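Trainee: pasted the sequence and its predicted model underneath.
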Amino acid sequence: MRRKIRQAGVGLLALVLGVPVGLASAAGPRTPARAAPAPPGFTQQVVLSGLTLPTKLAFSPDGRVFVAQKNGVIKVFDGLSDRTPTVFADLRAQVYDLEDLGLIGLALAPNFPADPYVYVSYSYDGVIGGGAPTYHDTCAVVGNCRSSARVSRLRADGDTMTGAEQVLLHDWCTQIDSHSIGDLGFGPDGALYVTGGDGASATFTDYGQAGNPTNPCGDPPAPVGGALTPPTSEGGALRAQDLRTPGDPTGLSGTLVRVDPSTGAALPDNPLAASAEANTRRIVAYGLRNAYRWTFRPGTGEIWAADVGWRTWEEVNRITNPAAGPVRNYGWPCYEGNAPQHGYNAANLTLCESLYTAPAGTVTPPYYTYAHTQTVATEDGCRTGGSSPTGMAFYPAGGGSYPRAYAGALFFADYSRNCIWAMRAGADGLPDPGSIVPFSSTAAGPVDLEIGPDRDLYYVDLVGGTVRRFHYSSGNQPPTARIAATPLEGNAPLPVSFDAAGSTDPDPGEILNYQWDFTDDGTYDATGVTVAHTYPAVGTYTARLRVTDLAGLVDTATVRVLVGTNAPVPVITKPLTGTTWSVGQTIYYAGTATDPQDGTLPASALSWHLANRHCTDLDSCHTHVMRDASGVRGGSFLGPDHEYPSYLELTLTATDSDGLSASTTLRLDPKTVEISLVSNPVGLRLNLDGIDYTTPATTRAIVGSTTTLSAPVQQPTVGVTYEFENWSDGGARTHVVVAPARPTTYTATFVSNTYCADNFGYTCATVPNRPLVRADQTVLPLTGDDAVTQVPLPFPVRFYGQTYASAWVDVDGRLSFLPPVRASGANGPLPDEAAPNAALYPFWDDLVVRADSSIRTAVLGTVPDRRFVVEWRNIGLYGSSSARITFEAVLTERGEITFNYADLTASKPRELGDSATVGIENAPGTVALVRSLDTASLGNNRAIVFTPPG
């Protein structure tokens, strides 16, 4: 059984799968890929390019465009035609740019630029209240880098920031490189709203158990360094439920807050403004996993949030009136979608269990959900599997050039699927989940959707470093420019032939005009479909084609021509092709580059990019940025703690003195191991990292990765209810396992706590928490193997309708009321007419009395409640010199018989009875009540009680 994987968040370029090392961009910097057409009448256009991992877009009323980059740099463009942006602010020293962390949110004051503030939300490279940079965008030990997040405002002076950053909020403790901070924006009430993620692992069921020191955020009930265990844990993803635990300071993880944009304080009319706790006053919704993007529905105070799910479901949540309340709980991590989340449900956590039994309405369900396996809209052309909603925007209900069908529609995007859909408005004006239509199945890494001043839909393309627009025209459609050139490089003088025949126009019979600018200097040098130009001197040139239709609509395309110069050749020398890695392993990398003109390039010409490719299958992967390094020939990184299937891609880019660059990429696959899950009895459900498996099952994990095993307290089946007893590795019912280097099986043993009976009338039941009673009065003369002795009974024992005054006890775990009995180590099924009969079988197996073993009896209690105890103490198992178990049979005057056990080792199935018979049998050997046969179902201090009829 293969584990299904999904993961939320932001990533980088989805590179080609496979090895060996290949070259890319040999002719210079990568040109943004053209997107496929949108619905009829729509064109998708690149309006801004040359960005480095852009995450967020903001339009200024004065025509400027602000773009945030993940690394902490904010750029401002004079307009959509500006090709040379200005750096507004550089927050790289403060921003923790590691994997999914970074600068995520950007917003302008409502009356900007008169109110000259730019607001940002970002992961902070340090702890709450600490200094930055602490980690310098790295983490020396995977999962051990406690960090935080900030919301700040920056004062604008023209196109640049002036003065110091004003920190409004500093919270969101996290140790995992995901889900730290979300979006921010202004409501119609002028308040500043901010979302934050849970700061927990996206790999395993995280209740705060990981890290060194453990519990680095100091989540209750343990201090920093203390152990968090179910059911009382309140750490990890449970931080999203912190508002329900008033006994400790409230954190902002997994919440939506409403604050004063000048101070960061809670507004006095917030629903919880009367609270004595500052963060509690700020919160207006909670129970969110990673509300990465959200938006207000125009004309209302409603917030619509895209909350990234985990294993199964993605959510669109409607927060109807956050300013007025009530403060709604959206259920994470106890719920995912509309149902309990399997991993956190299986962990039996108090914070979740209390929600499961709470009155209806305690948890607010999502407005809309879609499963990872689900097609969102019929024939949308989008792949399924990995999913992560990462963009939300409402189209205006009136005005704009889009068709009327989009009026009031909610556009939402999915980064993992590279898709955008429109949930069209219903008769009540609300988005209708039954009216979702595909909009684009080829959106390039969308991580933000915005409606521009022109009322066109824009999105931020993290993958290609661009901002793109969907424009609609009901009449004439613009052309699409395509350019071909031969040759693209050579010695001077270099004649080049250009061809625009690949250009198209969607309007039938349209006549196009072609203009050529051979040196991209703004002057058009020739016209026509095919032209030629000779470049006389050495250099790097950009040729531009401008295609215009009769109505004046335009599109352009460019191509680079290299004259007398060539791109460099980078080579990765470390690690070697085929190198594999495990979690936490140090991997050293190194490389060089040569250039035909410059020779060996210096370290300053080299840059490195490391990405984690996270897949649902070999054909469906998305990317998490791990780290970038520039100006070095090499370095090292640690194998990440991530789910399988995933792998690393290490890219070396070299840039020569002419600005030409080339890249080479090395794929690094992880070392993996099979993890098998078994239950005893088979066929029960177990949970590994949030996924339910029916046993037996096998999955694959990266060696050294953190996983969480959970077994339910009880599992009802047809006619039987099983109770959890133990794990074979000795761990708690829910516990962390580090994936070992060798294939390993983890067995969960359950015992039946169900009424059972035979046709004579005896019944049996399993009774937990009943300790073994020690017999310390008489040691029987039994030694070695295959020995038996007779003992008198202190009171008449009634058994299967007959009364006995003595019994025979043998080494092999049996007590018989009929003589003679010779011990035999080979157990068997019951009933069996062969001797022994009229017998008790607390643990019939091939046993042996070792030097430290004994078989004992005692008489306890007084008439009429006397008990006769026969104890096999520290008895050995034949074939093992070290194994020892203790068990007993207790007979009462009232006819009840009890078997009990101690010193059983959970990781050793034989000690739990997998080669033993446990039960009782009548004198003829024709009727028996068998509790187990060759089944590892016994447990310490778990009594088996046989009750006679009447």
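Mentor: Thanks, I have the structure now.
Trainee: buried ones in stretch 814-822?
Mentor: For stretch 814-822, burial by neighbour count (16 or more other C-beta atoms under 10 Å) applies to R814, L815, S816, F817, L818, V821. All C-beta spots, glycine's among them, are computed from the backbone N, C-alpha and C.
Trainee: no wait, stretch 238-254
Mentor: 238-245, 250-254.
Trainee: return the item of those residues having minimum pLDDT.
Mentor: Among the buried residues of stretch 238-254, T245 has the lowest pLDDT, at 92.
Trainee: chain neighbours aside, what residue packs nearest to that residue?
Mentor: What sits nearest to T245 in space, not counting adjacent residues and going by C-beta to C-beta, 6 or more residues apart in numbering, is E234, at 5.7 Å.
Trainee: where does the one you found sit: helix, strand or coil?
Mentor: coil (DSSP: H, G, I helix; E, B strand; the rest coil).
Trainee: if I look at it, how far off is T295?
Mentor: According to C-beta to C-beta, to the nearest Å, E234 stands 31 Å off from T295.
Trainee: SS state for the most centrally placed residue in the chain?
Mentor: Nearest residue to the geometric centre of the chain (C-alpha atoms, centre = their mean): A202, 2.4 Å. The assignment at A202 comes out as coil when based on three-state DSSP.
Trainee: that one touches S178, doesn't it?
Mentor: Yes: using C-beta atoms under 8 Å, A202 is in contact with S178, at 5.0 Å.
Trainee: picking that back up, want to try TSV for the buried residues of stretch 238-254, with secondary structure and distance to R627 as columns?
Mentor: Formatted as TSV, the buried residues of stretch 238-254 follow (DSSP: H, G, I helix; E, B strand; the rest coil; distance: C-beta to C-beta, whole Å):
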residue	secondary structure	distance to R627
L238	helix	29
R239	helix	26
A240	helix	28
Q241	helix	32
D242	helix	31
L243	helix	35
R244	helix	37
T245	coil	35
T250	coil	33
G251	coil	27
L252	coil	27
S253	coil	24
G254	coil	26
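Trainee: got the contact list for H609?
Mentor: Going by C-beta atoms under 8 Å, 6 or more residues apart in numbering, H609 touches L12, V625, D628, L650, T651, T653.
Trainee: ok, A425 next?
Mentor: A397, A407, G408, A409, P431, D432, S435 are the contacts of A425 under C-beta under 8 Å, 6+ apart.
Trainee: type out the ChimeraX command that picks the buried ones from those.
Mentor: Buried residues among the contacts of A425 (16+ other C-beta under 10 Å), as a ChimeraX selection:
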select :407,408,409,431,432
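Trainee: pull the longest helix from this structure.
Mentor: For the chain, the helix that runs over the most residues, judged by DSSP state H, is helix 350-356.
Trainee: from what I can see A741 touches V703, true?
Mentor: Yes: between A741 and V703 a contact is recorded at 5.3 Å, counting by C-beta under 8 Å.
Trainee: what do the two both touch?
Mentor: S582, K671, V673.
Trainee: out of the residues you listed, which is nearest to A928?
Mentor: V673 (43.2 Å; C-beta to C-beta).
Trainee: you'd agree that closest one is in a strand?
Mentor: Yes: V673 forms part of a strand when assessed by three-state DSSP.
Trainee: isn't it right up against T745?
Mentor: No: shown here, V673 and T745 do not form a contact pair, counting by C-beta under 8 Å, at 11.4 Å.
Trainee: name the residue in those two with the higher neighbour count.
Mentor: Neighbour count, other C-beta atoms under 10 Å: between V673 and T745, V673 has more, with 20 against 13.
Trainee: wait, what's in contact with that one?
Mentor: R700, A701, I702, V703, A739, P740, A741, R742, P743, T744 are the contacts of V673 under C-beta under 8 Å, 6+ apart.
Trainee: show me which of these are buried.
Mentor: Buried, going by 16+ other C-beta under 10 Å: R700, A701, I702, V703, A739, out of the contacts of V673.
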